[in-house]
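Participant: model the structure of this input:
(2 chains)
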Amino acid sequence: DGGITQSPKYLFRKEGQNVTLSCEQNLNHDAMYWYRQDPGQGLRLIYYSQIVNDFQKGDIAEGYSVSREKKESFPLTVTSAQKNPTAFYLCASSPSAWGVGYEQYFGPGTRLTVT
Amino acid sequence: SQQGEEDPQALSIQEGENATMNCSYKTSINNLQWYRQNSGRGLVHLILIRSNEREKHSGRLRVTLDTSKKSSSLLITASRAADTASYFCATVHYNQGGKLIFGQGTELSVKP
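Facilitator: Residues are numbered from 1 along each chain as shown, chains lettered A, B, ... in the order given. Model prediction:
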């Protein structure tokens, strides 16, 4: 069954703690993306990776970090430096990020609550 | 910065009616995509329309693109209660690595 998985679905953390959100895909896609969605808002790009061992900052990268050591995995760490970490986090992938655009396939999301 | 502006922000209709959502953007695009999001879930891709296309159909969905006006519309015909969701347009711009720039979305409610 091909797709993107994100875990966990709900995550609760205390302020000041780092937390890592998991994203795995078995679609053999080169490109992977992390978005943040706040209530009633569209998605904002945090980081993206076009190929293994390479990634670029999106529009709101401050307070976040990522790694891309394997093609199928793109974990996102929300650090204590992120001022407003409570949000819905969505991971996506696409066959390629180069050249013309492709549709993106989204995971089910992780809702992070920091208190 | 976000480029897509969607209109209306919310739309409530009866089952069987048509629903039209509009999206405008600011700079030239490679393509424009529409996505659907059910409450608390991930996004699902609906249609991709390229800058050299004017209209595309998929089942009950019809998307138009007017590059001179930098706008697109999504029409859902004969709507059903199951169409209730948020709908987002997303633009892909040249030289931006395939990134999607999302609008704020239109929240559609279809009443049975």
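
Participant: tell me the contacts of the nearest residue to residue A:60 once chain neighbours are set aside?
Facilitator: Excluding its sequence neighbours, the residue lying closest to residue A:60 (Cβ to Cβ, 6 or more residues apart in numbering or on different chains) is residue A:44, at 5.1 Å. C-beta coordinates here come from the backbone N, C-alpha and C atoms, glycine included. Under the criterion of Cβ atoms under 8 Å, 6 or more residues apart in numbering or on different chains, the contact list for residue A:44 reads A:35, A:36, A:37, A:58, A:59, A:60, B:2, B:102.

Participant: nearest to residue B:69 among the residues you listed?
Facilitator: Checking these against residue B:69 with Cβ to Cβ, the nearest one is residue B:2 at 18.6 Å.

Participant: where in chain B is pLDDT low?
Facilitator: B:1-3, B:97 (pLDDT under 70).

Participant: who in it is up against chain A?
Facilitator: B:1-2, B:4, B:30-31, B:33, B:35, B:40-45, B:48, B:50, B:88, B:90, B:92, B:97-100, B:102-105 (Cβ under 8 Å from any Cβ of the partner chain).

Participant: now list the buried members of the residues you listed.
Facilitator: B:2, B:4, B:30-31, B:33, B:35, B:41-43, B:45, B:48, B:88, B:90, B:92, B:98-100, B:102-105 (16 or more other Cβ atoms under 10 Å in any protein chain shown).

Participant: what ranges of chain A fall below the confidence cut-off?
Facilitator: In chain A, residues with pLDDT under 70: A:1-2, A:97-101.

Participant: how about the helices in it?
Facilitator: With helices called from DSSP state H, chain A shows none.

Participant: in it, which residue is most central in space?
Facilitator: residue A:34 (2.7 Å; Cα atoms, centre = their mean).

Participant: before we move on, the earlier item: residue A:79 versus the residue nearest to residue A:60, what's the distance?
Facilitator: 17 Å (Cβ to Cβ, to the nearest Å).

Participant: so what's the one residue in chain B that gets nearest to chain A bridging to?
Facilitator: As assessed by Cβ to the nearest Cβ, chain A sits closest to residue B:92 within chain B, at 3.3 Å. With DSSP bridges as the criterion, residue B:92 is bridged to residue B:31, residue B:100.

Participant: show residues contacting stretch B:62-82.
Facilitator: B:13, B:15-29, B:32, B:34, B:46-47, B:49, B:51, B:53-57, B:60-61, B:83, B:87, B:89, B:108, B:110-112.

Participant: for it, list every residue counted as buried.
Facilitator: B:62, B:63, B:64, B:65, B:70, B:71, B:72, B:73, B:74, B:76, B:79.

Participant: separation between the last one and residue B:32?
Facilitator: According to Cβ to Cβ, residue B:79 stands 22 Å off from residue B:32.

Participant: what's the answer for the fifth one, then?
Facilitator: Note on residue B:70: its distance to residue B:32, by Cβ to Cβ, is 10 Å.
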